[in-house]
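> here are the coordinates; sequence isn't available:
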């Protein structure tokens, strides 16, 4: 069932203006919007706040407040806008981008610096940061996504064939250029990723991968712990609003890691938090009926929003683990699952739709997922494929181990439903284990399991963000080593070829055509079990203004404020 209640948030357009003077002395021109604390609840714990080690959306949320990248995304349009780089020029062939840094932007004050004062950000910091992304370390999970195959010299440096990344050229303290292997529609958007944050070498040497100080609008507070992240206003942040007032407006941001989404909802109902991103499936109808007067009052006390998100829910096969190295086994399991029943009965309609096409949600104009042939329930075909794979009526099929992350009751509810369906339709025995996400994902990256519950929210507004998860050329030959982002360890030369042609095309139509070919290959090989496309209900207190909730769960809190 679906409850078509959608109250859209009215928010002002975000505009950003660089601070040109007064850096490091603290800005003293405050708006009447200044002050207050914004509290939100998430239910995925944080494993790392080191930018290149980020692996989930909550980590990225916090890192984006602590650090600043060369460019940002407009939270309303999700298009690229200036960040530390106030402007840039792209060469006619699209392969060279020359950036001009904002002057008088500084890193946050910290004890690691001389006299505790954060130094000004220059081209040398950009060189260090991008070189760091290209450095091969056991905790660098972002090179493959951000710069591999894109920035000239990045691959050779990563493989320790050269002493420097040849595609980075410093022109002066505030100007530098990046040379690309191929023109790219997505490269600038990738630079807006929190993992591409500009960090300081002195701070990195002091803290290593425990780095929590950057150039962002908020500073990490020492009272933070695994259950509560506290962020304090950076008094020397370089951006101001259109009236010249200091940003950010908020004094404090608190991210609570609730044990479950049910706990998060309770905190919202008790007015302990301002925002919850996901409502428990079984509580949606209750919440709507209980609070309908609040939603339609003038002004409403709470805002309920539901819209398609750039987010897909799916299970990932370990394609190096028998019998899941056999495509027919994976196809059989996909055909044996009734996704419509899952959405209606288990999720109680809290989804935009069953994922019967592919991994990419239907949120990208010009990318028609209906052209992707995916999987709908077909028990006879499922049984035939399993027989062809050597397991007639499930005979001899090993017990399947599925790992899901705790903190969201629907993960277990979905696993129970799939357990029932696979037993009934294929006579396959399934056990599942619910683990904290950090522990679950570590096992997933190291291939310690058969099937893993997963989800992906776009890093930038393109199908490329989803399809980049399955590029095989970076999968380690040694199965004991971690594999990220391709935790399925899937390798298919045709898939990689079409993905890279799409990635490197400078024409959207051509790019999308190649991506669709790649996605069809992915579905034919049944590397994942697509389940549903997300459309979560989100609750926001009406006291919060200037916050635009978007399909990518990308938060810009610089102009968010609380009504006093």
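Thanks, I have it. This structure is a prediction, so every number in the text was calculated from the model and none was measured.
> so which residues of the stretch 401-550 of the chain form strands?
430-435, 451-457, 528-533, 537-541, 544-545 (DSSP state E, counting those that start in this stretch).
> so which of the ones you listed is the most surrounded?
strand 528-533 (a mean of 25; mean count of other Cβ atoms under 10 Å). Bear in mind the C-beta positions are built from the backbone N, C-alpha and C, glycine included.
> parallel or antiparallel, list what pairs with that strand.
strand 311-317 (antiparallel), strand 353-354 (antiparallel) (DSSP bridges).
> out of those, which one sits most buried?
Greatest average neighbour count among those goes to strand 311-317 (a mean of 23), per mean count of other Cβ under 10 Å.
> neighbouring contacts of that one?
For strand 311-317, the surrounding residues in contact (Cβ atoms under 8 Å, 6 or more residues apart in numbering) are 324, 330, 351, 355, 359-361, 402, 418, 444, 450-458, 466, 487-488, 526-534, 536, 551, 553.
> rerun at 6 Å
324, 330, 359, 361, 451-457, 487-488, 528-534 (Cβ atoms under 6 Å, 6 or more residues apart in numbering).
> how about stretch 554-564?
Contacts to stretch 554-564, defined as Cβ under 6 Å, 6+ apart, come from residues 14, 33, 36, 38, 61, 73, 75, 217, 247-250, 253, 543, 545-547.
> what mean pLDDT does that stretch get?
Stretch 554-564 shows a mean pLDDT of 94.
> now do the same end-to-end measure for it.
Start-to-end span of stretch 554-564 (Cα to Cα, to the nearest Å) is 25 Å.
> what residues sit buried inside it?
Counting neighbours by 16 or more other Cβ atoms under 10 Å, one finds that the buried residues in stretch 554-564 are 554, 555, 556, 557, 558, 559, 560, 561, 562.
> coming back round to it: figure out which of the strands of the stretch 401-550 of the chain is closest to residue 263.
Closest approach to residue 263 among the strands of the stretch 401-550 of the chain (Cβ to Cβ): strand 537-541, 13.9 Å.
> distance between the closest one and the chain's centre?
Distance, stretch centre to chain centre, for strand 537-541: 20 Å (Cα atoms, centre = their mean, to the nearest Å).
> least confident of the strands paired with strand 528-533, on average?
strand 353-354 (a mean of 93).
> contacts made by that one with the rest, please.
Residues outside strand 353-354 that contact it (Cβ under 6 Å, 6+ apart) are 339, 340, 343, 532, 533.
> mind putting the buried residues of stretch 554-564 into JSON lines with distance to residue 501?
Output for these, formatted as JSON lines (distance: Cβ to Cβ, whole Å):
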{"residue": "554", "distance to residue 501": "27"}
{"residue": "555", "distance to residue 501": "33"}
{"residue": "556", "distance to residue 501": "33"}
{"residue": "557", "distance to residue 501": "38"}
{"residue": "558", "distance to residue 501": "37"}
{"residue": "559", "distance to residue 501": "39"}
{"residue": "560", "distance to residue 501": "40"}
{"residue": "561", "distance to residue 501": "45"}
{"residue": "562", "distance to residue 501": "48"}
